[in-house]
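S.K.: Got a predicted structure plus its sequence, pasted below:
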Amino acid sequence: MKKSFVPLAVVTALLFVIAPILIARAPYESEMLLIQKIFYFHVPSWVAMYCGLLVCAVGSIWYLFKGNRVADRYAESAAELVLLFGLNGLVSGPLWARKAWGVWWQWDAKLTSALLLWLIFVAYLLVRKYGGPGSEKLAAAVGIFGAAVSPFVYVSVNIWRTIHPKTSVVPDIVKNPAKGFAAPLLVSMLAFVLLFVLLLMVRVYLAAHQDALDELYLAHED
Amino acid sequence: MKPRHLAIAIWSIILMAAPLFAFQPPPPGQSEFVPIKELPPSEQLPAAPLLVIAYAFFLALMIFYVWTVWRRLNRVEREIHTLEQRTTRSSR
Amino acid sequence: MFLRTALLVLKKDFAIEVKTLEILVTTLFFAVSCVLVFSFAFVKEGQAPPDAAAGILWIAIAFSGTLALGRTFERERYAETLRALLLAPAPRPALYVGKLLGILVLLALDALILVPLIALLFTAPLFARPLLLLLLLAGGTVGFAAVGTLFAAMLIRSRTRDVLLPILLYPITVPVIICGVRGTAALLESPPDETTAVMWLGILFALDVVFLTLALWTFEPLMTE
């Protein structure tokens, strides 16, 4: 895993260099003009966040039923990245909304459901931090429930309110590369996913060290 | 196949299907994005600063996160180091 | 065996509760004071907005449900009875079902008082479609209590359980609350909007199935130390 880190980091850095150029050269969207360019890293943020959600859920299940410490490290690290990328999405969203809709925040389906899912993973980290001994299992349950509830959060909030552009906007853009929106979007999406993987590796490395330290303390006490 | 396994298989299919069942088309209403142009000019914000803020925030956030991880890692490694030293000293 | 264990756990909780009625009375009072506080927030010029009653009903149920969950498991923790139960050679999921039934009975009694009270205070036509309202309440409380019982049982070992329970419970059960509130609000319209209520009911029951299955599935590994 260590071996793949450096080449991955180089590729990610390259992508992050290319992406702004592509974004700058992409045509203006006819209605939203300049502000639409937030789109190229607003959507990838959410993609990275959902990657984190998935990794956290799988890691939690693995840890809960197999007792695998490594899986727990992945779950914890992924939850932290959910927090990070979610925060990015939650900040860039209102900045876009202020220009496009005239308000910072709308109780719209996607905003609300994203906020709720984000809150679940904040709760996950709070449990880990303040839950005391044995909180890893508890947190694993939160991770599983959080992932299971996510489609329902989406569906229920979606019916409740909708002003956000439909999700079909993204597939449409990918299907019509002629418009010139697809390349920058795909590049920045790839860049974000790779960044997510890199950060996950670093964070898991940290978690492994923390576990090693805990074991050392235990051995020292004996 | 044991009946138990069959039951688990059926149940997991039901579980997978539950969100699909729950999914119902949203009520008719505003489905596509409608830009706000009716706002008075005083309410309109220039786009460029917002865009710059958004990108700067992303950059700052990532740098901050990497910094926190780096700091935590340093602390853990330092502690591991001192502990190891102490154990070797005490075992001597 | 499974059902008998669950019923035994329920009977045990019931026997303790009947002696003092502590949890029932305190949570009921809490729920009623919730209703009052929210009515101060919403009522303008002697009138509340038409669908405020739905929101207040569900908030009162969720808040008092959290209180009931905390108290029930505090009792178990205090007497260390849950540990004893876990040591018993009984299927663990049955213990979960037993505790869940206990919470459901409490919440049902809660709703029994709350619904007429809210209907009276807000002149809300809650009884226009009694069957649909009953189903919504049943679906909502089952979903809420299924997650709540699992988390409260897990948190018994944690020092910060009082704070962590609501922190975990509310974000995860928000879809349940949305379904409950919107479904009830649809019933409050005149004439009652049955199709919308039935749609929310469908989502609610799908949620219940997922929550119950997950809880039964994870209870065993969660409660083993």
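M.R.: Happy to help now that I have it.
S.K.: what's the burial count for residue C:113?
M.R.: Counted by other C-beta atoms under 10 Å in any protein chain shown, the residues lying close to residue C:113 total 13. (C-beta placed from N, C-alpha, C; glycine too.)
S.K.: Disregarding residues adjacent in the polypeptide, which is nearest to it?
M.R.: If the residues on either side of it in the chain are set aside, residue C:113 comes closest to residue C:28, at 5.9 Å by C-beta to C-beta, 6 or more residues apart in numbering or on different chains.
S.K.: Give me the local confidence score for the one you found.
M.R.: At residue C:28, the predicted lDDT confidence score is 90.
S.K.: for residue B:16, same thing?
M.R.: In this model, residue B:16 carries a pLDDT of 65.
S.K.: same check, this time on residue B:13
M.R.: The score at residue B:13 is 70. That number is its pLDDT.
S.K.: Also residue A:222?
M.R.: Residue A:222 carries a pLDDT score of 67 in this model.
S.K.: quick revisit: quick check: which element contains the residue nearest to residue C:113?
M.R.: Secondary structure assigned from DSSP states H and E places residue C:28 in helix C:22-42.
S.K.: Show the average pLDDT along the helix or strand harbouring residue A:50.
M.R.: In this structure, residue A:50 is located in helix A:39-66 according to DSSP H and E. Per-residue confidence for helix A:39-66 averages out to 88 on the pLDDT scale.
S.K.: how many degrees apart are the lengthiest helix in chain B and helix A:39-66 in direction?
M.R.: The residue-count maximum for a helix in chain B (DSSP state H) belongs to helix B:47-91. Orientation note: helix B:47-91 sits at an angle of 30 degrees relative to helix A:39-66 (axes from the mean of the first three to the mean of the last three C-alpha atoms, to 10 degrees).
S.K.: Residue C:80: neighbour count?
M.R.: 10.
S.K.: On the pLDDT front, check it for me.
M.R.: If you check residue C:80, the pLDDT there is 79.
S.K.: so where's chain C uncertain?
M.R.: Counting by pLDDT under 70, chain C has low-confidence residues at C:225.
S.K.: scratch that, chain B is what I was asking about
M.R.: Counting by pLDDT under 70, chain B contains low-confidence ranges at B:1, B:16-47, B:91-92.
S.K.: Go ahead and confirm residue A:47 touches residue A:192.
M.R.: Yes. The criterion here is C-beta atoms under 8 Å, and residue A:47 meets it with residue A:192 at 6.2 Å.
S.K.: Comparing those two, which residue is more hemmed in?
M.R.: Neighbours were tallied for residue A:47 and for residue A:192 using other C-beta under 10 Å; the higher tally belongs to residue A:192 (27 against 18).
S.K.: what sits against the more buried one?
M.R.: Neighbouring residues of residue A:192 by C-beta atoms under 8 Å, 6 or more residues apart in numbering or on different chains: A:41, A:44, A:45, A:47, A:48, A:85.
S.K.: Also residue A:22?
M.R.: By C-beta under 8 Å, 6+ apart, the contact set of residue A:22 is A:183, A:184, A:187, A:188.
S.K.: Next, count neighbours for the third one.
M.R.: Taking other C-beta under 10 Å as the neighbour definition, residue A:187 ends up with a count of 20.
S.K.: and it, what helix or strand is that in?
M.R.: Counting by DSSP H and E, the element that carries residue A:187 is helix A:182-221.
S.K.: For chain C, list the residues in contact with chain A, please.
M.R.: For chain C, the contact set with chain A under C-beta under 8 Å from any C-beta of the partner chain comprises C:147, C:150-151, C:154-155, C:157-160, C:163-164, C:167-168, C:171-172, C:174-175, C:178-179, C:182, C:199, C:203, C:206-207, C:210-211, C:214, C:218, C:221-222, C:225.
S.K.: for the residue positioned nearest the centre of chain A, what are its contacts?
M.R.: In chain A, the centroid-proximal residue (C-alpha atoms, centre = their mean) is residue A:49; its distance is 1.3 Å. Residue A:49 makes contact with A:81, A:82, A:85, A:86, A:89, A:114, A:117, A:118, according to C-beta under 8 Å, 6+ apart.
S.K.: I'm done for today, thanks for sticking with me.
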